[in-house]
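In: Take this sequence and fold it.
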Amino acid sequence: MQMNATHTSFVALGDSFTEGMSDALPDGSYRGWADLLAGRLAAHAPDFRYANLAVRGKLIQQIVDEQVETAASMEADLITLVGGLNDVLRPKCDVPKVCALLEEAVERLAPACRQLVLMRSPARRGPVATRFLPRMEELFGFVDDLAARHGALVVDLYGAHVLGDPRLWAEDRLHLDGEGHRRVTEAVWQTLGHTAQFDWTEALPDSLPLSWPARRAADLRFTRQHLVPWIGRRLTGRSSGDGLPPKRAELVPYEL
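Out: The predicted structure is shown next:
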């Protein structure tokens with residue numbers, strides 16, 4: 001395993017987490033940890049190239065079918081693969097099948113790049129995450145085993161207590177906010193062997209809890225704006241990413 005190497009190209013695969021939701025820019029588009037990481041890598045490598053094939057809502061089968069072969073053919077120095085969490089957060093999930101598909105992806109991607117990076121995804125503290133923790137931990141245990149067998153690096157976001165802090169999550173309670181993505185960027189950066197720029201695991205300052213009326217108002221807003229539409233998509237078999245193209249479909253020069 002080569003650490004602290006200069007990477008001249010980077011391809012990111014995955015779903016909304018890698019697309020960058022909900023690190024919103026003023027124009028309404030999303031930035032996210034992968035774009036931030038590309039910017040850092042580009043600052044150290046002339047003619048750096050970057051592709052981001054991620055699309056929100058994608059399940060692991062769709063990532064395998066729609067992104068893996070494209071990414072492998074690009075022959076980038078660095079590839080990141082994050083997937084499977086959308087599967088395990090559904091009411092019914094065949095976790096062994098998800099693991100098998102993840103292994104299929106890794107077997108194709110690992111030989112096609114100099115360094116493959118996998119992740120143990122972050123989880124927001126709360127009743128929803130608690131319900132799915134056994135599935136998540138089964139998936140993440142497999143990720144560790146998979147990485148060991150294929151020479152991949154693992155970024156342990158799940159084990160970082162600070163990333164469970166609700167203050168680092170957007171109103172939809174499914175995606176990290178801008179500060180959350182900034183911390184993920186630093187986590188990947190350090191895992192690649194680069195000099196730390198800050199302590200991404202540092203806890204947020206203590207704050208006064210919201211009042212009961214404020215909490216109830218936030219819960220009602222979340223239910224109306226995010227939970228009900230999400231349930232509607234599940235019931236109708238739709239995805240938030242239906243019809244959307246990859247974020248950055250070609251491996252082309254990245255301008256800071």
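
In: Which positions in stretch 36-51 come out as buried?
Out: Buried residues in stretch 36-51, counted by 16 or more other Cβ atoms under 10 Å: 36-42, 48-51. C-beta: built from backbone N, CA, C; applies to glycine.

In: Select from those residues every entry located in helices.
Out: 36-42 (DSSP state H).

In: ok, so of the residues you listed, who is nearest Cys113?
Out: Nearest to Cys113 among these, counting by Cβ to Cβ, is Leu41 at 13.6 Å.

In: roughly how far out does the lengthiest helix in the chain sit from the chain middle?
Out: Scanning the chain for the helix with the most residues, using DSSP H, yields helix 127-150. Here the centre of mass of C-alpha atoms in helix 127-150, compared against the chain's by Cα atoms, centre = their mean, to the nearest Å, lies 14 Å away.

In: got the CA coordinates for it in PDB?
Out: Taking Å, rounded to 0.1, in the frame of the first residue of the first chain, the C-alpha atoms of helix 127-150 are listed here in PDB:
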ATOM      1  CA  PRO A 127     -34.000   6.600  16.600                       C
ATOM      2  CA  VAL A 128     -33.900   6.000  12.900                       C
ATOM      3  CA  ALA A 129     -30.200   5.100  12.800                       C
ATOM      4  CA  THR A 130     -30.500   3.000  15.900                       C
ATOM      5  CA  ARG A 131     -33.100   0.800  14.300                       C
ATOM      6  CA  PHE A 132     -30.700   0.000  11.400                       C
ATOM      7  CA  LEU A 133     -27.500  -0.200  13.300                       C
ATOM      8  CA  PRO A 134     -27.200  -4.100  13.200                       C
ATOM      9  CA  ARG A 135     -27.400  -4.000   9.400                       C
ATOM     10  CA  MET A 136     -25.000  -1.100   9.100                       C
ATOM     11  CA  GLU A 137     -22.500  -2.800  11.400                       C
ATOM     12  CA  GLU A 138     -22.800  -6.100   9.400                       C
ATOM     13  CA  LEU A 139     -22.100  -4.100   6.200                       C
ATOM     14  CA  PHE A 140     -19.200  -2.200   7.700                       C
ATOM     15  CA  GLY A 141     -17.600  -5.300   9.100                       C
ATOM     16  CA  PHE A 142     -17.600  -6.800   5.600                       C
ATOM     17  CA  VAL A 143     -16.100  -3.500   4.200                       C
ATOM     18  CA  ASP A 144     -13.200  -4.000   6.600                       C
ATOM     19  CA  ASP A 145     -12.700  -7.600   5.500                       C
ATOM     20  CA  LEU A 146     -13.000  -6.700   1.800                       C
ATOM     21  CA  ALA A 147     -10.400  -3.900   2.100                       C
ATOM     22  CA  ALA A 148      -7.900  -6.200   3.900                       C
ATOM     23  CA  ARG A 149      -8.200  -8.800   1.100                       C
ATOM     24  CA  HIS A 150      -7.900  -6.300  -1.800                       C
END
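
In: So Leu118: helix, strand or coil?
Out: strand (DSSP: H, G, I helix; E, B strand; the rest coil).

In: ok, it - how many residues close by?
Out: Other residues within reach of Leu118, judged by other Cβ atoms under 10 Å, total 24.

In: Check the one 4 residues further on too.
Out: Summarising burial for Pro122: neighbours were counted as other Cβ under 10 Å, giving 25.

In: hey, where'd the strands end up in this protein?
Out: Under the criterion DSSP state E, strands of the chain are mapped to 9-13, 49-52, 78-81, 115-120, 153-156, 248-253.

In: okay if I get the ones you listed as CSV plus mean pLDDT and distance to Ser211?
Out: Conversion of the strands of the chain to CSV gives the following (pLDDT from 0 to 100; distance: least, Cβ to Cβ, whole Å):
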stretch, mean pLDDT, distance to Ser211
strand 9-13, 98, 40
strand 49-52, 98, 40
strand 78-81, 98, 40
strand 115-120, 98, 34
strand 153-156, 98, 35
strand 248-253, 97, 42
